[in-house]
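1. Give me a 3D structure for the following:
(chains A and B)
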Amino acid sequence: MSIEPLSTTVVGSFQISPPGDVLVNEIRRGEDPFLQSIKKAVDVQTAAGIDIIADGQTRNDMIRLFTTKLAGIRMKGKPVVIGDISFKEPVILGDQVYVRSLLNNGGLVKGILTGPFTLAMSCVDDHYGSREKLAYAFAEVMNKEAMALNGVVDIIQVDEPYFSVEFPEYAGDLISGIFSGIDKPRALHVCGDVSPFFDRLADFDVNILDHEFAAHPALLDTVADTDFGQMLGFGCVRSDENTVETVETISERVKKGLASLGHERIILDPDCGLRHVSLEVARAKLENMVKARNVIRDEG
Amino acid sequence: MISFSKEQSILKMGDVTIGGQPGEHPTVLFGTVFYGKKYREPIPEVLDEARRFIRAQEEMSRLTGNPGIVDIFIDSTERIEPRISLVLEEVPGPRPISLDIPETEVRQAALKYAAEAGLSGRVILNSFNLGATEDELAALGEHPPGTAVLLGYNPRDFSADGRVEMIDTGAGYLEKGLMSYAEEFGIGNILLDTGATPFDHNAAETLRAIPVMKNKWGLPTGCAIHNTVESWLWMKGYRKEHRAEYLTCDAGSNALPVVMGGDFCVYGPIRNAGSVFPVVAMVDKFVAEGAEDYFGVTSSEDHPRRKLE
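-> I've put the predicted structure just below:
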């Protein structure tokens, strides 16, 4: 499957949670209160005209979402690794099937996985004795999740925010490991300023590199000066500010990217997940991002 | 059998004593009345049946020594007064009443009603949980009940530690932990409900959380483990043709929290009192005998260990 240039997508998360009473009462009845929050996240995206839809990551934060479902980890405030990590069953597969069912008229679905390095950096390790070994273990089990998604979603994205904090020598191996055997387009999202190691990311075996160009506009200079073959997920909307950028502001950012990289290599999304802004603001940001894309397309 | 190194509080809720070390006091049983469609209209025959169920629980309580508390399900503000009034007509003396109210607006109204009726001291709020809004927190501060059950449901983390986190910190759903709020509001008696979750959603952690919480806070702890049986998908089909077998499982599930050191069970429909009380009395005897033999814990005089020879 090829990805249409200037497609729009999201990085992942939204500030959506079922009301507390709904959570308590539906859990008590053995029902899933989060299906309604996933539907809400999908509705926000489809109403805004987003092309590649995600489940909204409303069920849990990106760490607990997976660590609470893997063997070998005990939750004690933070996840504590107490034995060999192993995969029990798919964690987000059912949600992707549900998202697909909500997209009656088609539309693309993106499954989002937390990266092995970020998972390793977020755990207390009482077993492996080495961050590197732990990260490789996560890569292996998260690959099983990726394989489960492979037949269901259209794109698989791995989020590695911790690469901006520390970029390990073995980063490329981890990403190759989690994507091993995946034949769908593979995206890697790293937020923050990736300028210092973008040349390394350029060597990664992924189809899309996704970064924050709204918060870090100077990154465009680094990217433009780097030889890389991937498409670029061009973060063009701030995800850390609870204000809505105008269509003009967004289109100006995108035009700068296009001037450096050309239409064929760019897809558009917010800088990062929109969990930190209100849902109303998130909705408006996405609407303006799609309008900006349409303006640019119309201008040819 | 287990015993806790942490000192275990013994609370008085009216004429009901709860808590202490396993085997010390009988397990307290909460039976829920008015749950279901048939109670939506005040049909005299149905209300008479509810009264019979309440009396039957009272009789089982007298027989076994396990205190029975009526848990009143209330799903609208207009049902607060009539349902509480009916129960008060049947429940003797200072016995507490438990309020099981799924919606926050109704919980707020019930707290206000109880205060105005001079009942706050007898009320057990079942439960104070992550669904508490700002308005509910204000209502709790203004009209604190005599007892509150703090519910450990933590949708982000069903592990025992996740349930502890809900009570301890609010787990991101509330600004602070349920315990901090309860103490701030001056709620005299605090019970801890680990929050039963369905199978495949860390159901066993519901039980494991009992000793974890008792060890951390030393407060009476329990759960409504029958909810796990009720939400079991396979059982939902099986029970259609096998009602008696379902009830056996439902009643039997109440043995589990007692074995884990729990102090109370919210056992579901009060009409099941006849099958639940003997199960719990039997397990209480096992626990108390073991506690006495191994830890030197003496059971109270009203304990099934002494009462049912």
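2. Can you show me the helices along the chain?
-> Assuming you mean chain A. A:20-28, A:34-48, A:64-67, A:93-102, A:116-121, A:131-150, A:171-178, A:198-201, A:219-224, A:247-261, A:279-299 (DSSP state H).
3. That was the other one, I meant chain B.
-> Taking DSSP H as the test, the helices found in chain B are B:44-64, B:80-90, B:104-116, B:134-142, B:160-169, B:178-184, B:203-217, B:226-230, B:233-241, B:243-252, B:255-259, B:273-290, B:304-307.
4. need those in TSV with mean neighbour count and distance to chain A, can you?
-> From N, CA and C alone the C-beta is placed, and that goes for glycine too. As requested, the helices of chain B are exported to TSV (neighbours: other Cβ atoms under 10 Å in any protein chain shown; distance: least, Cβ to the nearest Cβ, whole Å):
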stretch	mean neighbour count	distance to chain A
helix B:44-64	17	21
helix B:80-90	17	17
helix B:104-116	20	6
helix B:134-142	16	9
helix B:160-169	24	5
helix B:178-184	19	12
helix B:203-217	21	9
helix B:226-230	23	6
helix B:233-241	12	8
helix B:243-252	16	14
helix B:255-259	22	16
helix B:273-290	21	18
helix B:304-307	20	29
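5. Find the one among the helices of chain A with the highest mean neighbour count.
-> Of all those, helix A:116-121 has the most neighbours on average by mean count of other Cβ atoms under 10 Å in any protein chain shown, namely a mean of 25.
6. Touching it from outside, list them.
-> The contact list for helix A:116-121 (Cβ atoms under 8 Å, 6 or more residues apart in numbering or on different chains) reads A:62-63, A:66-67, A:131, A:134-139, A:142, A:159-163, A:165-166, A:168, A:171, A:174, A:177-178.
7. circling back to that earlier point, of all the helices of chain A, which lies closest to B:K216?
-> helix A:64-67 (20.8 Å; Cβ to Cβ).
8. Return the list of helices and strands in contact with the closest one.
-> Using 3 or more Cβ pairs under 8 Å, 6 or more residues apart in numbering or on different chains; DSSP states H and E, the elements in contact with helix A:64-67 are strand A:71-76, strand A:108-114.
9. who touches the residue nearest to A:M231 when sequence neighbours are not counted in this structure?
-> Of all residues not flanking A:M231 in the chain, A:I208 sits nearest, at 4.7 Å (Cβ to Cβ, 6 or more residues apart in numbering or on different chains). When contacts are counted by Cβ under 8 Å, 6+ apart, A:I208 touches A:3, A:155, A:157, A:185-188, A:230-233, A:267.
10. How much space separates whichever residue of the stretch 1-150 of chain B sits closest to chain A from B:G222?
-> Closest to chain A within the stretch 1-150 of chain B is B:G131: 3.2 Å, counting by Cβ to the nearest Cβ. Computed as Cβ to Cβ, to the nearest Å, the B:G131 to B:G222 distance reads 20 Å.
11. neighbour-wise, which of those two wins?
-> B:G222 (30 against 23; other Cβ atoms under 10 Å in any protein chain shown).
12. quick one: pLDDT of the closest residue to that one other than its chain neighbours?
-> Using Cβ to Cβ, 6+ apart and skipping the chain neighbours, the partner closest in space to B:G222 is B:F264 (3.5 Å). What the model reports for B:F264 is a pLDDT of 98.
13. A:I3 now?
-> For A:I3, pLDDT reads 89.
14. now A:N105
-> Confidence for A:N105, expressed as pLDDT, is 67.
15. same deal with B:K38?
-> On the pLDDT scale, B:K38 gets 91.
16. Which pLDDT does the model give the closest residue to it other than its chain neighbours?
-> Excluding the flanking residues, the one nearest B:K38 by Cβ to Cβ, 6+ apart is B:V46, at 5.5 Å. If you check B:V46, the pLDDT there is 94.
17. Hmm, B:K37 and B:V46 touching each other?
-> No - judged on Cβ atoms under 8 Å, B:V46 makes no contact with B:K37 at a distance of 10.4 Å.
18. Spit out the contact partners of the closest residue to chain A within chain B.
-> Chain B approaches chain A most closely through B:S231 (2.6 Å), counting by Cβ to the nearest Cβ. Taking Cβ under 8 Å, 6+ apart, we find B:S231 in contact with A:28-30, B:198-199.
19. Quick one: buried ones out of those?
-> A:28, A:30, B:198 (16 or more other Cβ atoms under 10 Å in any protein chain shown).
20. any idea how far the second one is from B:A291?
-> To B:A291, A:G30 is 34 Å away according to Cβ to Cβ.
21. Lowest average confidence across the helices of chain A, which one?
-> Among the helices of chain A, helix A:20-28 scores lowest, with a mean of 91.
22. Spatially nearest residue to the residue in the stretch 101-250 of chain A that chain B sits nearest to (excluding sequence neighbours)?
-> Residue of the stretch 101-250 of chain A nearest chain B, by Cβ to the nearest Cβ: A:V124 (12.2 Å). Closest residue to A:V124 apart from its sequence neighbours, by Cβ to Cβ, 6+ apart: A:V80 at 4.6 Å.
23. returning to what we had before: the residue of the stretch 101-250 of chain A closest to chain B against A:G77, yeah?
-> No - look at A:V124 against A:G77 with Cβ under 8 Å: they stay out of range, at 9.0 Å.
24. quick one on the thing from earlier: now do the contacts for the residue of the stretch 101-250 of chain A closest to chain B.
-> Contacts of A:V124 by Cβ under 8 Å, 6+ apart are A:76, A:78-81.
25. Let me know the pLDDT of the closest residue to chain B within the stretch 201-300 of chain A.
-> Scanning the stretch 201-300 of chain A for the residue nearest chain B gives A:R275, at 11.6 Å (criterion: Cβ to the nearest Cβ). pLDDT recorded at A:R275 is 94.
26. looking at it, it is touching A:V11, isn't it?
-> No - A:R275 is not in contact with A:V11 according to Cβ under 8 Å; the separation is 9.7 Å.
27. Can you pick out the residue with more neighbours from the two?
-> A:V11 (26 against 18).
28. which phi and psi does the more buried one have?
-> Main-chain dihedrals, A:V11, degrees, to the nearest 10: phi -80, psi -30.
29. thought it was touching A:S239?
-> Yes - applying Cβ under 8 Å as the test, A:V11 and A:S239 come out as touching, 7.2 Å apart.
30. Name the residues contacting each of the two.
-> Counting by Cβ under 8 Å, 6+ apart, the residues touching both A:V11 and A:S239 are A:270-274.
31. Highest neighbour count among the residues you listed?
-> A:L274 (29 neighbours).
32. and A:T226, how many neighbours?
-> Count around A:T226 with other Cβ under 10 Å applied: 13.
33. Could you list which residues are in contact with the most centrally placed residue in chain B?
-> In chain B, the C-alpha nearest the mean C-alpha coordinate belongs to B:V266, at 3.9 Å (Cα atoms, centre = their mean). Listed by Cβ under 8 Å, 6+ apart, the contact set of B:V266 reads B:30, B:32, B:71, B:126, B:193, B:222-224, B:226.
34. out of the helices and strands packed on helix A:64-67, deepest packed?
-> strand A:108-114 (a mean of 24).
35. roughly how far is that one from the heart of the chain?
-> Its chain's average C-alpha position is 7 Å from that of strand A:108-114, according to Cα atoms, centre = their mean, to the nearest Å.
36. Outside of it itself, list whatever touches it.
-> A:7, A:9-10, A:12, A:51-55, A:57, A:62-63, A:65-66, A:92, A:96, A:99-100, A:103, A:142, A:145-146, A:149, A:152-159, A:178, A:187.
37. residue at max distance from the center of chain B?
-> Distance from the C-alpha centroid of chain B, by Cα atoms, centre = their mean, peaks at B:E241 (29.2 Å).
38. Tell me the spacing between that one and B:M235.
-> 12 Å.
39. what's the answer for B:E245, then?
-> Counting by Cβ to Cβ, the gap from B:E245 to B:M235 is 9 Å.
40. for B:R51, same thing?
-> Distance from B:R51 to B:M235, by Cβ to Cβ: 30 Å.
41. ditto for A:I156
-> The value you get for A:I156 to B:M235, if Cβ to Cβ is used, is 37 Å.
42. again with A:F14
-> Remark: distance between A:F14 and B:M235 (Cβ to Cβ) = 35 Å.
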